[in-house]
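K.L.:
the amino acid sequence is not available; the structure is as follows:
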């Protein structure tokens, strides 16, 4: 299982305050599907409003990025620029 870290605002809204969750999957898309099956509604927010840090590298479009069981996965608010 892969451990993911959810921002506190989303954790309070969707997971009952739990911020670190063990999920299954080999890509970010699969991790989000697992989270969505447990916490309906969180998947849309994670895919539309969040960037993902995988082992310290931030991805703005991470859906197909591979993850390992020992990867560190953090969901982060996307940073806008202009």
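P.N.:
Everything's here; your move. A quick note: this is a predicted structure, and the numbers were derived from the prediction, not measured.

K.L.:
how long is stretch 9-20 end to end?
P.N.:
Between the opening and closing residues of stretch 9-20 lies a distance of 13 Å (CA to CA, to the nearest Å).

K.L.:
tell me the pLDDT at residue 1?
P.N.:
The pLDDT attached to residue 1 in the predicted structure is 88.

K.L.:
so which residues of this structure form strands?
P.N.:
Taking DSSP state E to define them, one finds strands in the chain at 2-5, 20-23, 50-54, 57-59, 72-77.

K.L.:
distance to residue 13 and mean neighbour count added to the ones you listed, as a markdown table?
P.N.:
Just so you know, the C-beta spots here come from the backbone N, C-alpha and C atoms, and that holds for glycine as well. Putting the strands of the chain into a markdown table (distance: least, CB to CB, whole Å; neighbours: other CB atoms under 10 Å) gives the following:
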| stretch | distance to residue 13 | mean neighbour count |
| --- | --- | --- |
| strand 2-5 | 15 | 18 |
| strand 20-23 | 14 | 14 |
| strand 50-54 | 13 | 19 |
| strand 57-59 | 22 | 12 |
| strand 72-77 | 13 | 17 |
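
K.L.:
got CSV for those strands, with distance to residue 36 too?
P.N.:
As requested, the strands of the chain are exported to CSV (distance: least, CB to CB, whole Å):
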stretch, distance to residue 36
strand 2-5, 12
strand 20-23, 10
strand 50-54, 13
strand 57-59, 19
strand 72-77, 13
